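Visitor: Sequence and predicted model, in that order:
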Amino acid sequence: MHTERFTFPGHSGDLLAARLDLPDGAHIATALLAHCFTCGKDIMAARRIAARLAAQGIAVLRFDFTGLGHSGGEFENTSFTSNVADLVAAADTLDERGMAPSLIIGHSLGGAAVLRASGQIPSIKAVATIGAPFDPEHVTHNFNDALDDIVTKGAGEVILGGRPIRIGAEFIEDVKASELAPDIANLNKALLVMHAPLDDVVGVENATRIFLAAKHPKSFVTLDDADHLVTRQKDADYAADVIASWAGKYLDLKHPAPPIGAPEGVTRTDEVDPNGFRQDVFAGPKHHVVADEPESYGGTDQGLTPYQFLAAGLGACTSMTIRMYARRKKWPLDHVSVDVTHNRVHAQDAGVEVGPLDQFTRKITLKGKLDDSQRQRLLEIADKCPVHRSLEAGAHITTELKPVAEAALI
């Protein structure tokens with residue numbers, strides 16, 4: 001992932017600080033992300049979700065709302081309505097760059113804002129919320145005793161996230177007057193509602209009300225024991241993976257043709273955490289899996305090991321080759337399964353005159369009314385699968401260091 005930083009004018013003309021996280025490979029869609037109330041574009045959850053989506057080919061624009069982070073203006077003079085206007089301004093900026101967003105994601109009050117803003121952004125096809133309140137006024141529960149002072153004095157200071165924030169009376173009046181039910185009912189876009197049942201800031205009943213107010217297509221996914229700010233990496237990664245998989249059904253993804261010399265496309269591995277071994281594996285822009293190592297080897301056991309991937313390739317190719325042959329012969333093969341195990345053995349055990357080598361053992365199950373000669377022939381055909389031949393013959397591997405500038409060309 002590489003990032004472009006820039007500013008754009010928000011609802012009042014003040015310049016808003018933005019980060020556009022771009023995929024290293026093919027750019028297949030663009031998303032707009034709205035952060036939680038008084039947070040900022042660089043909050044941990046926003047960073048991780050943007051990184052995961054970018055790794056899957058979806059560019060993500062995140063920015064600081066007016067008066068927050070590195071953006072200009074005074075937060076005291078903003079409101080829920082102005083946040084919505086900032087989102088529309090961000091979408092217009094993307095549109096001017098030829099990257100009109102088709103996916104919009106909102107966290108907490110940002111989730112409420114995207115539910116309203118999406119109706120004002122024609123390019124949006126899918127909306128995802130994380131820990132969003134059904135009623136924007138819900139946020140005032142955090143103001144405690146300062147609420148009366150804000151209303152009577154026109155502004156007041158509250159402590160949010162351990163830091164002082166000045167809130168204007170206009171904000172209070174605006175969230176009180178904002179009712180999202182009509183926006184949700186008339187969304188006319190696919191909706192994904194994500195919420196943690198144990199969220200003690202915005203209760204999960206808010207997700208229920210949002211979901212019930214929406215029309216299909218709509219989906220609800222629980223974030224289990226995640227906290228409201230989705231601070232744990234595994235929770236942010238899960239949210240991003242679900243969003244990317246879900247959105248693919250509703251977005252017009254721009255899948256590129258494979259590069260010359262690589263008919264199956266590029267398979268890329270991206271390190272998730274430099275302190276562990278987990279890898280995101282992307283086979284072109286359409287397919288994503290996870291590689292890892294067991295906990296006993298310092299990994300987190302969240303994906304297949306490299307040798308399990310190799311075994312999977314052999315097993316899948318074996319099954320496909322058998323199926324193709326049986327189909328051509330019109331034999332009554334009902335089902336094929338292949339169990340593959342891997343081990344390091346000594347040369348003499350394998351009957352060869354070289355040093356230690358890798359041994360893959362296949363156990364093939366063939367179901368159907370096949371006679372003995374057909375079963376024996378299919379067992380012979382298994383040895384003709386391309387991956388089997390590649391493993392036995394060995395492969396020539398060339399390795400080169402790719403200049404950073406080439407990353408965007410894949």
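Guide: Happy to help now that I have it.
Visitor: what's the following helix or strand after the lowest-mean-pLDDT helix or strand in the chain?
Guide: Least confident helix or strand, the chain: helix 347-350 with a mean of 53, by mean pLDDT, DSSP states H and E. Scanning forward in sequence from helix 347-350 by DSSP states H and E, the next helix or strand is strand 357-368.
Visitor: Tell me the buried residues in the very next helix or strand once past that following strand?
Guide: Where DSSP H and E defines the elements, the next helix or strand beyond strand 357-368 is helix 372-382. Across helix 372-382, burial judged by 16 or more other Cβ atoms under 10 Å covers 374, 377, 378, 381, 382. (Each C-beta comes from the backbone N, C-alpha and C, glycine too.)
Visitor: Equivalent analysis for stretch 91-105, please.
Guide: 91, 93, 94, 99, 100, 101, 102, 103, 104, 105.
Visitor: So which residues of this protein form helices?
Guide: Here the chain has its helices, by DSSP state H, at 44-55, 80-96, 109-117, 146-153, 169-177, 181-185, 205-213, 233-247, 306-329, 347-350, 372-382, 386-393.
Visitor: which of those helices is buried the deepest?
Guide: The highest mean neighbour count among the helices of the chain, using mean count of other Cβ atoms under 10 Å, belongs to helix 109-117: a mean of 28.
Visitor: now for it, which elements pack on it?
Guide: If contacts are counted by 3 or more Cβ pairs under 8 Å, 6 or more residues apart in numbering; DSSP states H and E, helix 109-117 sits against strand 29-34, helix 80-96, strand 103-107, strand 126-130, helix 181-185.
Visitor: Mean pLDDT for the ones you listed - can I get that in JSON lines?
Guide: Formatted as JSON lines, the helices and strands packed on helix 109-117 follow (pLDDT from 0 to 100):
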{"stretch": "strand 29-34", "mean pLDDT": "95"}
{"stretch": "helix 80-96", "mean pLDDT": "96"}
{"stretch": "strand 103-107", "mean pLDDT": "97"}
{"stretch": "strand 126-130", "mean pLDDT": "97"}
{"stretch": "helix 181-185", "mean pLDDT": "95"}
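Visitor: Distance to residue 220 for these - can I get that in TSV?
Guide: Below are the helices and strands packed on helix 109-117 laid out as TSV (distance: least, Cβ to Cβ, whole Å):
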stretch	distance to residue 220
strand 29-34	20
helix 80-96	23
strand 103-107	15
strand 126-130	10
helix 181-185	13
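Visitor: so who does residue 179 touch?
Guide: residue 135 (Cβ atoms under 8 Å, 6 or more residues apart in numbering).
Visitor: go again using 6 Å as the cut-off
Guide: Applying Cβ atoms under 6 Å, 6 or more residues apart in numbering to residue 179 gives no contacts.
Visitor: Now it: phi and psi?
Guide: Backbone torsions for residue 179, taken as degrees, to the nearest 10, come to phi -120, psi 120.
Visitor: any idea how far it lies from residue 81?
Guide: Taking Cβ to Cβ, to the nearest Å as the measure, residue 179 falls 12 Å from residue 81.
Visitor: Next: residue 241.
Guide: Residue 241 sits 33 Å away from residue 81, going by Cβ to Cβ.
Visitor: can you check residue 109 too?
Guide: 12 Å.
Visitor: what residue ranges in the stretch 201-350 of the chain score low on pLDDT?
Guide: 254-264, 284-286, 345-350 (pLDDT under 70).
Visitor: how about a cut-off of 80?
Guide: Counting by pLDDT under 80, the ranges of the stretch 201-350 of the chain that qualify are 252-266, 272-273, 282-288, 344-350.
Visitor: Not including adjacent chain positions, what is the nearest residue to residue 319?
Guide: Ranked by Cβ to Cβ, 6 or more residues apart in numbering and with sequence neighbours excluded, the top spatial neighbour of residue 319 is residue 336, at 4.6 Å.
Visitor: Tell me the bridge partners for that neighbour.
Guide: residue 366 (DSSP bridges).
Visitor: The closest residue to residue 169 other than its chain neighbours and residue 14, how far apart?
Guide: Nearest residue to residue 169 in three dimensions, chain neighbours excluded: residue 154, at 5.0 Å (Cβ to Cβ, 6+ apart). Distance of residue 154 to residue 14, given as Cβ to Cβ: 20 Å.
Visitor: Give me the more crowded residue out of those two.
Guide: Neighbour count, other Cβ atoms under 10 Å: between residue 154 and residue 14, residue 14 has more, with 17 against 11.
Visitor: Please list all residues in contact with that one.
Guide: Residues near residue 14 by Cβ under 6 Å, 6+ apart: 66, 72, 73.
Visitor: mind running it again at 8 Å?
Guide: So residue 14 contacts 66, 67, 71, 72, 73 (Cβ under 8 Å, 6+ apart).
Visitor: just residue 51 next, same as before
Guide: 1, 21, 240.
Visitor: ok, the first one touching residue 55?
Guide: Same thing as residue 1. Yes: the pair residue 1 / residue 55 is scored as a contact, 6.4 Å apart, by Cβ atoms under 8 Å.
Visitor: Find the residues that touch each one of the two.
Guide: By Cβ under 8 Å, 6+ apart, the residues touching both residue 1 and residue 55 are 23, 24.
Visitor: What is the neighbour count of residue 125?
Guide: Neighbour tally, residue 125, other Cβ under 10 Å: 18.
Visitor: got the phi/psi numbers for the closest residue to it other than its chain neighbours?
Guide: Leaving out its chain neighbours, the residue that sits closest to residue 125 by Cβ to Cβ, 6+ apart is residue 102, at 4.7 Å. Residue 102 adopts backbone torsions of phi -110, psi -10, taken as degrees, to the nearest 10.
Visitor: residue contacts, residue 102?
Guide: Counted by Cβ under 8 Å, 6+ apart, residue 102 has contacts 29, 30, 31, 123, 124, 125, 126, 251, 252.
Visitor: Also residue 317?
Guide: Neighbour list for residue 317: 385, 386, 387, 388 [criterion: Cβ under 8 Å, 6+ apart].
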